[in-house]
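Chemist: I would like the atomic coordinates for the input below:
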Amino acid sequence: MRPAQFPTPTLTPGQAVHFIGAGGVGMSALATLLAQRGYRVSGSDIAENGYTQKLNALGGQVFIGPHNAKNLPESALVVISTAISPENPEFALARERGQVVCHRSGLLKAILQDGALGIAFTHTVGITGTHGKTTLTAMAGWLLEVASVDPTIIAGGKLLAWQHTSKLSTQLSLDNTHEPVASPRPEGHAGNTIAIAELDESDGSLIAYQPTLSVLTNLELDHAEHFPGGIDELEAHFVEYVRNLHASHTVIINDGCPRLKRLFIDAPEDQLKQIKATLRALSDYPIPKAIYLPFPGEQYQLNARMALAIAAELGVSQTVGIEALSRYPGVGRRLEKLGEHLGFTLWDDYAHHPTEVLVTLGGMRERLPAGARLIAVFQPHRYTRLQALWDEFLTCFDTVDTLLLAPVYAAHEPELNGITHTAFADALRARQTAQACALAPSQVYATSADWHEVRTQLEAIATPGDWIVTLGAGDITFLLRRWVQVPVAAT
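Modeler: Numbering: from 1, shown residues only. Okay, the predicted model is just below:
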């Protein structure tokens, strides 16, 4: 079922809300905010994690194990994500009872636009695009926090500064009531309440939102399973989103992305007239090209420039913003440094699209110590993605010395004939032969799905000083963490 088929919920403080899949990164962010604002939150998930533990600590009740209809409170609003099947027993019982069921995107809309947290935000910032949403949301949120703006932040990854996927403004903290506790506001921001949220473009829910400030990071086909019409359908979706925005709204366009530039900067005049919001190109902001950051690579530099553009729109000085970014702590699974093992430096990254892989590995190569090798372990995510972007994946590993390919993480998809990690390894080797030159990676291995075996293989390949990075949106994140006992920072 598509997100648009579900209603936007009407919520009142103290209401019962049940999250099916409460431990997921996007669901836990919203469930935690509601629990912090006095809602009676319950939920369920297959496995316990830090997010379910936090919900329980806030007074929620999260049932762990196979989904069961017995978990569902009779009077609760039920929240699902795109990952929840209609056959899920809790979802099925909710429909049978006639309980209100909403998609995660509808609840996020209610929080941002309809006062579901008990307050109407004066400014809402929506971050969307194919790549970089989570990092930019975290980076801009950190900048605003350091600038004493005290935003509410809703991200698609673990904000390492707060060790969670969301952060509630202190203005909205409760003191045994459902009313906000007053807190002093910095000069220039008195009376402002600001929320910054990552808006998912992958499942068609984007057009539901009306943030006062939007940022479009880039545009490429990634979730082919939701856009059977390919890139043309995805472009039309973004155009519809921008056309729906009000005249009082502003959109920051990364005009370094050719597609976004064509759609929103260089489009014919008659098409631009259909857009009521103010469009601003990122290149129009007077922002330095090079900013000191704790993380390498041009993609982080681009995210920093977009964060500074957001700050400018919200009245935060560039000097304050640049200083804040120099201390940016990062997001879980976005070039997350895990530690060291046998002299190897270990990293984990969520990159699962060719462009993401390319920029992540390129940034790592920039800071790789002299004499060290870059070893990547990549787990393709979804058969449909590997099939649709096969040729692009073949060219995105040229900056690594050694590549290990793990079996495809299906994410509930059926297998596709010929779309396997072994076939992809063969294609990479064939490309090297056809080019008749020493292309990187110089070594390509197809591994097993047994992480113990892969760790043994890595210990035989790597030497002290080498960097090892895991890449992918599946369970590849567990591979290196066993060596250093670092808990999983969910996506």
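
Chemist: my guess is residue 14 meets residue 37, correct?
Modeler: No: using C-beta atoms under 8 Å as the test, residue 14 is too far from residue 37 to be in contact (9.5 Å). All C-beta atoms are positioned from the backbone trio N, CA, C, and that covers glycine.

Chemist: OK, contacts around the nearest residue to residue 369 once chain neighbours are set aside?
Modeler: Ranked by C-beta to C-beta, 6 or more residues apart in numbering and with sequence neighbours excluded, the top spatial neighbour of residue 369 is residue 465, at 6.4 Å. Under the criterion of C-beta atoms under 8 Å, 6 or more residues apart in numbering, the contact partners of residue 465 comprise 343, 344, 345, 369, 371, 372.

Chemist: any idea what the third one is bridged to?
Modeler: Under DSSP bridges, the beta-bridge partners of residue 345 are residue 340, residue 467.

Chemist: with residue 79 instead?
Modeler: Counting by DSSP bridges, residue 79 is bridged to residue 19, residue 102.

Chemist: other SSEs contacting the helix or strand in which residue 165 is found?
Modeler: According to DSSP states H and E, residue 165 maps onto strand 164-167. Contact analysis of strand 164-167 by 3 or more C-beta pairs under 8 Å, 6 or more residues apart in numbering; DSSP states H and E lists helix 25-36, helix 50-57, strand 152-159 as its packing neighbours.

Chemist: cutoff 6 Å now
Modeler: Contact here means 3 or more C-beta pairs under 6 Å, 6 or more residues apart in numbering; DSSP states H and E; on that basis strand 164-167 packs against helix 25-36, strand 152-159.

Chemist: pull the helix or strand with minimum mean pLDDT from this protein.
Modeler: Each helix and strand of the chain was given a mean pLDDT (mean pLDDT, DSSP states H and E); the minimum falls on helix 421-435 at a mean of 88.

Chemist: what lies in contact with that helix?
Modeler: Contacting residues not belonging to helix 421-435 are listed as 394, 405, 407, 408, 439, 444, 446 [C-beta atoms under 6 Å, 6 or more residues apart in numbering].

Chemist: isn't the second one right up against residue 444?
Modeler: So that's residue 405. No: between residue 405 and residue 444 there is no contact, the gap being 7.0 Å when judged by C-beta atoms under 6 Å.

Chemist: re the thing from before, ok, then the element right after the least confident helix or strand of the chain?
Modeler: Later in the chain than helix 421-435, the nearest helix or strand by DSSP H and E is strand 443-446.

Chemist: more neighbours: which of residue 14 and residue 37?
Modeler: A direct count of neighbours by other C-beta atoms under 10 Å for residue 14 and residue 37 places residue 37 higher, at 22 against 10.

Chemist: secondary structure class for the residue nearest to that one when sequence neighbours are not counted?
Modeler: Ranked by C-beta to C-beta, 6+ apart and with sequence neighbours excluded, the top spatial neighbour of residue 37 is residue 117, at 5.1 Å. Reduced to three states with DSSP: H, G, I helix; E, B strand; the rest coil, the structure at residue 117 is coil.

Chemist: show me the contacts for residue 117.
Modeler: By C-beta under 6 Å, 6+ apart, the contact list for residue 117 reads 37, 111, 172.

Chemist: nearest to residue 380, out of those residues: which one, please.
Modeler: Nearest to residue 380 among these is residue 111, at 34.1 Å by C-beta to C-beta.

Chemist: now the closest one, what's its secondary structure?
Modeler: Residue 111 carries the three-state label helix when classified by three-state DSSP.

Chemist: quick check: closest non-adjacent residue to it.
Modeler: If the residues on either side of it in the chain are set aside, residue 111 comes closest to residue 117, at 5.6 Å by C-beta to C-beta, 6+ apart.

Chemist: list the contacts of the host helix or strand of residue 384.
Modeler: Residue 384 belongs to helix 383-388 when assigned by DSSP H and E. Counting by C-beta under 6 Å, 6+ apart, the neighbours of helix 383-388 from elsewhere in the structure are 224, 225, 380, 408, 413, 416, 419.

Chemist: residue contacts, the third one?
Modeler: Remark: with contacts taken as C-beta under 6 Å, 6+ apart, residue 380 is in contact with 386, 408.

Chemist: let me know the pLDDT of it.
Modeler: Residue 380 is assigned a predicted lDDT (pLDDT) of 97.

Chemist: related to what we said a few turns ago, for the residue nearest to residue 37, what are phi and psi?
Modeler: Backbone geometry at residue 117, expressed as degrees, to the nearest 10, gives phi -90, psi 10.

Chemist: look up how far residue 166 lies from it.
Modeler: Applying C-beta to C-beta, to the nearest Å, the value for residue 117 to residue 166 is 11 Å.

Chemist: and the contacts of residue 465, which are buried?
Modeler: Neighbour-count burial (16 or more other C-beta atoms under 10 Å) is assigned, among those, to 344, 345, 372.

Chemist: having no further points to raise, I will conclude here.
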